[in-house]
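> next input, structure requested:
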Amino acid sequence: MEPVATHTGGIWEAVLRFLSQRSTLTLATADEAGQPYAASLYFVHDDGLRLYFLSSPESRHTRHLLNRPEVAVTIHGEPWDWRTIQGLQLTGRADPVEDPEERARVMARYRAKFRFVEELPQALAHARLYRITPRWVRWIDNTRGFGYRVEWRLG
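Next comes the predicted model:
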């Protein structure tokens with residue numbers, strides 16, 4: 001699979017480092033009637049800012065994806081000082097990962113990041129892997145100044 005985006009430079013690298021240091025994302029979905037829902041999920045990422053999560057096919061958020069695959073995501077820390085706020089906001093599309101090679105590659109990354117997964121073989125056998133492909137990304141980094149942000153539109 002080709003990267004969603006190829007970026008170099010300090011800001012893109014800072015975003016990738018930030019994602020490596022975080023464990024959970026907040027996924028916003030909507031049901032058939034447009035009613036919103038949010039769920040916190042463990043995730044891994046790749047260098048193109050694709051995000052991957054495991055979830056039960058019966059969960060509310062994954063059922064929403066069947067009819068409305070468009071999602072919004074936030075990833076952030078829990079700072080108490082505005083000068084240390086950093087976070088990512090994005091919109092995109094969430095789809096199940098069907099390709100066996102992609103699944104194997106991502107699951108290796110998932111197991112390395114979340115060692116406890118091996119303790120849950122039944123849950124893991126039942127879970128599906130999903131990919132969020134971002135279309136719009138906003139990086140907020142108050143360590144560079146109040147309200148500092150960079151946005152990308154991705155293909």
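> need the strands for the protein, in chain order.
Secondary structure of the chain, counting by DSSP state E: strands at 24-30, 36-42, 44-45, 51-55, 70-76, 86-96, 128-141, 149-153.
> quick one: which of those is nearest residue 121?
strand 51-55 (12.8 Å; Cβ to Cβ). C-beta here means a position set from N, CA and C on the backbone, and glycine is covered the same way.
> in JSON lines, list the strands of the chain along with mean pLDDT and distance to residue 106.
Formatted as JSON lines, the strands of the chain follow (pLDDT from 0 to 100; distance: least, Cβ to Cβ, whole Å):
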{"stretch": "strand 24-30", "mean pLDDT": "97", "distance to residue 106": "15"}
{"stretch": "strand 36-42", "mean pLDDT": "96", "distance to residue 106": "12"}
{"stretch": "strand 44-45", "mean pLDDT": "97", "distance to residue 106": "6"}
{"stretch": "strand 51-55", "mean pLDDT": "97", "distance to residue 106": "5"}
{"stretch": "strand 70-76", "mean pLDDT": "97", "distance to residue 106": "16"}
{"stretch": "strand 86-96", "mean pLDDT": "96", "distance to residue 106": "12"}
{"stretch": "strand 128-141", "mean pLDDT": "95", "distance to residue 106": "6"}
{"stretch": "strand 149-153", "mean pLDDT": "91", "distance to residue 106": "22"}
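> make TSV out of those and add distance to residue 121 and mean neighbour count.
Converted to TSV, the strands of the chain look like this (distance: least, Cβ to Cβ, whole Å; neighbours: other Cβ atoms under 10 Å):
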stretch	distance to residue 121	mean neighbour count
strand 24-30	22	19
strand 36-42	16	14
strand 44-45	19	22
strand 51-55	13	23
strand 70-76	28	18
strand 86-96	20	18
strand 128-141	15	19
strand 149-153	38	13
